[in-house]
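Student: here's a sequence, model it:
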Amino acid sequence: MLLNCHSYYSFKYGALSVEEVLKETHTGGYTRVALTDINNTAVSLDFVRQAKKISMQPIVGADIRNGVKQQYVLLAKNAGGFQEINEFLTVHLHGNKKFCDKAPLFRNVFVIYPFQNKQRELKAYEFIGISPKDLLYLPFSQWKNNFDQLVILQTASFRNKKDYNIHRLLRAIDKNSLLSKLAKDEQASFDDQYISKSNLLELYKEYPELIMNTENLLANCSIDFEFKTNKNKKVFKKSKDEDFEFLKQIAFEGLSYRYKTITKEIIERLNKELKVIRQLDFCSYFLINWNLVCYAQSKGYYHVGRGSGANSLVAYLLRITNVDPIDLDLYFERFINPFRTSPPDFDIDFSWTDRNDVTRYLFDKYGWDHVALLGTFITFSHKSAFREIGKVFGLPDEEIVRLQKNPNPAQADEYGKWVIRYSNYISDFPSHSSIHSSGILISDEPISNYTATELLPKGFPSTQFDMYIAEDLGLHKFDILSQRGLGKIKDTLGIIKQNYGIEIDINNTNLFMEDLRVKQMLKKGQAIGCFYVESPAMRMLLTKLKAEDYKRLVAASSIIRPGVAKSGMMREYIIRFQNKDKREKAKRELPALYEILEETYGVMVYQEDVIKVAHYFAGLSLDEADVLRRGMSWKFKQRNEFAKVKDKFFSNCKSKGYADLVVHDIWRQIESFANYAFAKGHSASYAVESFQALYLKAYYPLEYMVATLNNGGGFYSTQLYLHEAAMHGANLETICVNKSFLKHTIKEKTIWLGFFLLRDLEKERARDLIEEREKNGKYKSLRDFVKRFPIGLEQLIILIRVGAFRFTGKGKKELLWDAHLILGHTEKSKPEKTLFQTEVKEFKLPQLWKHKLENAFDELELLGVSIQSPFELVKEQLPSDLKACHLPRLVNRYIRIVAYLIHRKPTRASNGTLMYFGTWIDLDGHWIDTVHFSQKAKEYPFRGPGCYTIEGKVVEEYGFLSIEVSKMLRMANISIDDLVEK
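Tutor: This next block holds a predicted model:
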């Protein structure tokens, strides 16, 4: 009898989850119920799935509104009607069009208009909805003798006063209004409640015709979906058999590219994979990924294939990934197993400059009506809930921050108590739709069979539902991501080809895996600018593991992840790697676990380790083990299947006789890292990209650093990457109107900074400047520049101050005099087009004052970086000439050293207090690492970027040197006022 129910996916309007809607209606005595969220069908199919579990008959549709004003309610008679509603919504949402007050023609949809006291012509499938308050007016309306197409329309948005308060707060948040200022017509009536069936029938007992009409309408609605069956594009060619034969053909063709010697083991693994891929009907999934990679390669785009699919030999042979699962002994069942209903994950990274084109290719090839970006729901977090609720109550920012930090009702005033209470209520409520970071769906049937789509900022249609609903349906995503690391590789290869005429096949892993220079760099952590291995923490880990080979880097790539580190397993892995006795002890204490994880010394490092431990150690089936792995995400934990598997894990371990303490510790490890650790194939993919970057940096360091700078850098600042280039012998030159381009460029060993770094220069001005130079030759002088290029005085001064006219041989001050003389106060110069040009008279100026550090100050102001050494800007004399190279001889001794701050990382000590790790460069530009324990961090805090005097004890752990700081002071810099000629 309820035709118009809202969940909280009626964003910033409804107050109940889907589960609560079903519980409320079920306990209210209903056997049929319609979910009609406002202008969306985001959770309609999830509603169908959950309703079936409690034997409720689900009906789906949408409440069509302009803002809060209801136009009509749509109910799908069947799956075809649901598709019609989705297509109708899609057209309006894509065009941001208002909904008319008259519904369009439908074939399989019922339309219910809100009651109005005027006659209107209704089609057979159209009705007028009568709410309880409308009953007062019905006897006096034009409908009083025409009940045939009148139905009960009890809108249900909340259950009680608390829900209604939540609704009003959400409406105020949506309108960015104070609650006290929220207009009445922007909120629902308090009567829009979920009421029991008996109470509803009591309200309408005088109108049995309406009750019967409503029952008949609901009885004529029926929707069912087969969940968990594959709904991705089913065939790539013409049939499944043809797909398999083609997949087999290209896989075998890939053997000669990947392997010098094709062994029996390789052939057996290939045939095993092909058999399971065919059995599970994943051939088209592999071929779509293969075709995507082929397109990218044809366009010169570089990619990295990772995810659990990187455990696949077929993927390696199809060049979807560069990870060799034979060499790494990758766990086949993590990638695919006979119990798995979903295809393996292929996360395919492209350069940030190429991703959109690759995405568009998928839409164009498979059809815009069959392809969509995967949506997601942005929810109110703890902090955002406090902020939004605080704002609608009119609280100042400082009070909101105080409540966020100390949400204690006992210490809050009346408004503070309301904020705390209702922030907790709406925490995790969906706020609005967004786009999944990488997911793309390619459906065999039109996407509108399952969802309406929205046109969000990327310009591609996206589903209204999220990945969990998609997976339940059987729509499995293709992951297309972007990263700047691949942009660095692509650009480096381009520079090398342009400057040296050399083409490098960077996908040929044999080129760099055994390269001695690369191994040496890796072992020493000399990886600035290199993907995933350049951070201070990774440099420390690589040093301690002496990681000179590919397999150790694969392990390091997963160990560094937050979950592994947090669980204590990173430190345990390092200790066991370094200490054979520790390994033997672990083996004796728990041989069953050590045997499963022998490669990683009995420590869980990869996601598949969770599967191995659950399957072999705890005796779970492979599909149960995979549920356990996936179940570490918060949302999946809420599902019954996860709870059942968790219980079975403990009961199986108990029956095997394992000690409770051991089992609980293993569970703690699983829980702390499973959702954060990488699959081994995923780590291996990252490690391949790291090796590619290291190889390019090893042999073409300057070209690689230019590409790094042009792709936005990485973990560190632009200043550090310029410093790194200088450490490899680069001559750094600031911007020049005759040498620079928009991006940084390199000629031999000279790197010319690009115009894009110049903050206040209009980018179009820079492009025009370069175009004029390319067309008519280099600029001969400042006057020649001004004649040929229209520019205002303000922009010209910026170019002069950054040194862009130093080729003239004149100092900046002379050039500034000339600029004012030439342009005066005119807005901009105009290029001379006449035959005879009037020259501005030149004056001989007296010797003007200058200082060697002037350029540094101008560069810092205009570029945000300087090519001068930071130590040259220190005001006082440096108190120490000690350098990083001296530290190995000073272990356990107290020292004083001068260093320039690069990075600081806060963390919590074991007692919960705040401590820091610092990263610095010394006078020669080499690394120094520091540890700042809590007490000393309070006494001697970091005071921003600059040079510091550091005192402390040199310590060493497994070859990694650092200074435990006992005292630290920031040194004063020279100011512009100090630059007075003596």
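
Student: look up phi and psi at His432.
Tutor: The phi/psi pair for His432 (degrees, to the nearest 10) reads phi -170, psi 170.

Student: number of nearby residues for it?
Tutor: Residues near His432, counting by other C-beta atoms under 10 Å, number 10. The way it works is simple: take the backbone N, C-alpha and C, and place the C-beta from them, glycine included.

Student: again with the one 3 residues further on
Tutor: Here the number of neighbours of Ile435 (other C-beta under 10 Å) works out to 17.

Student: tell me what the host helix or strand of it is packed against?
Tutor: Following DSSP states H and E, the helix or strand that holds Ile435 is strand 430-442. Applying 3 or more C-beta pairs under 8 Å, 6 or more residues apart in numbering; DSSP states H and E, one finds that strand 430-442 contacts helix 355-366, strand 371-379, strand 461-463, helix 467-473, strand 478-483.

Student: give me whichever of the ones you listed is most buried.
Tutor: strand 461-463 (a mean of 26; mean count of other C-beta atoms under 10 Å).

Student: how about the closest residue to Pro114 other than its chain neighbours, what does it touch?
Tutor: Leaving aside its sequence neighbours, Pro114 sits nearest to Gln70 (C-beta to C-beta, 6 or more residues apart in numbering; 5.3 Å). Contact partners of Gln70, counting by C-beta atoms under 8 Å, 6 or more residues apart in numbering, are Asp63, Ile64, Pro114.

Student: now, those that are in strands?
Tutor: Asp63, Ile64, Pro114 (DSSP state E).

Student: on the pLDDT front, check the last one for me.
Tutor: In other words, Pro114. At Pro114, the pLDDT value in this model is 95.

Student: quick one: it from Ala34, how far?
Tutor: 15 Å (C-beta to C-beta, to the nearest Å).

Student: again with Ile288
Tutor: 37 Å.

Student: neighbour-wise, which of these two wins?
Tutor: More neighbours surround Ala34 than the other of Ile288 and Ala34, with 29 against 20 (other C-beta under 10 Å).

Student: pretty sure that one is in a helix, no?
Tutor: No. Counting by DSSP: H, G, I helix; E, B strand; the rest coil, Ala34 is not found in a helix; it is strand.

Student: ok, it - contacts?
Tutor: Contacts for Ala34 (C-beta under 8 Å, 6+ apart) come out as Leu2, Leu3, Asn4, Cys5, Pro58, Ile59, Val60, Gly61, Leu75, Leu218, Cys221.

Student: farthest pair in the residues you listed?
Tutor: The span of the contacts of Ala34, defined through C-beta to C-beta, is set by Asn4 and Pro58 at 14.3 Å.

Student: what about the two, which has more around it?
Tutor: Neighbour totals were compared for Asn4 and Pro58, and Asn4 leads with 26 against 22 (other C-beta under 10 Å).

Student: ok, for that one, nearest residue in space, not its chain neighbours?
Tutor: Thr155 (4.6 Å).

Student: show me what contacts that neighbour?
Tutor: Contact partners of Thr155, counting by C-beta under 8 Å, 6+ apart, are Asn4, His6, Asp63, Ser131, Ala188, Asp192.

Student: export the helix or strand hosting Phe691 to CSV, keeping only CA atoms.
Tutor: Taking DSSP H and E as the definition, one finds Phe691 inside helix 680-699. The C-alpha trace of helix 680-699 is given here as CSV (Å, rounded to 0.1, in the frame of the first residue of the first chain):
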residue,chain,number,x,y,z
LYS,A,680,51.8,-10.2,-4.9
GLY,A,681,51.1,-9.6,-8.7
HIS,A,682,50.1,-6.1,-7.9
SER,A,683,53.3,-5.4,-6.0
ALA,A,684,55.3,-7.1,-8.8
SER,A,685,53.6,-4.7,-11.3
TYR,A,686,54.7,-1.7,-9.2
ALA,A,687,58.2,-3.2,-8.9
VAL,A,688,58.4,-3.5,-12.8
GLU,A,689,57.5,0.2,-13.1
SER,A,690,60.1,1.1,-10.4
PHE,A,691,62.7,-0.8,-12.3
GLN,A,692,61.8,0.9,-15.6
ALA,A,693,62.2,4.3,-13.9
LEU,A,694,65.4,3.2,-12.2
TYR,A,695,66.9,2.0,-15.5
LEU,A,696,66.1,5.3,-17.2
LYS,A,697,67.5,7.3,-14.3
ALA,A,698,70.6,5.2,-14.2
TYR,A,699,71.5,5.8,-17.8
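
Student: and the strands in the stretch 701-850 of the chain, which stretches?
Tutor: According to DSSP state E, counting those that start in this stretch, the stretch 701-850 of the chain carries its strands in the segments 731-733, 745-747, 750-752.

Student: can you tell me which of these is packed in deepest?
Tutor: When the strands of the stretch 701-850 of the chain are scored by mean count of other C-beta under 10 Å, the highest mean neighbour count falls to strand 750-752 (a mean of 19).

Student: re the thing from before, compare the contacts of Gln70 and tell me which is most surrounded.
Tutor: Comparing the contacts of Gln70 by number of neighbours (other C-beta under 10 Å), Asp63 comes first, having 26 neighbours.

Student: that older thread, make TSV out of the strands of the stretch 701-850 of the chain and add distance to Ala15 and mean pLDDT.
Tutor: As requested, the strands of the stretch 701-850 of the chain are exported to TSV (distance: least, C-beta to C-beta, whole Å; pLDDT from 0 to 100):
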stretch	distance to Ala15	mean pLDDT
strand 731-733	60	96
strand 745-747	58	96
strand 750-752	59	97
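
Student: note down every partner strand of the strand holding Ile435 and its orientation.
Tutor: Here strand 430-442 is paired, per DSSP bridges, with strand 371-379 (antiparallel), strand 478-483 (antiparallel).

Student: go through the following helix or strand past that strand and flag the buried ones.
Tutor: Note on strand 430-442: by DSSP H and E, the next helix or strand toward the C-terminus is strand 453-455. For strand 453-455, the neighbour count (16 or more other C-beta atoms under 10 Å) marks Thr453, Glu454 as buried.

Student: touching strand 453-455 from outside, list them.
Tutor: Contacts with strand 453-455, where a contact means C-beta under 8 Å, 6+ apart, come from Asn86, Thr90, Leu93, His94, Ala372, Gly375, Ser433, Ile447, Pro461, Ser462, Thr463, Gln464.

Student: go with 10 Å
Tutor: 39-40, 42, 86-87, 89-90, 93-96, 368-369, 371-373, 375, 433-435, 447, 460-464 (C-beta atoms under 10 Å, 6 or more residues apart in numbering).
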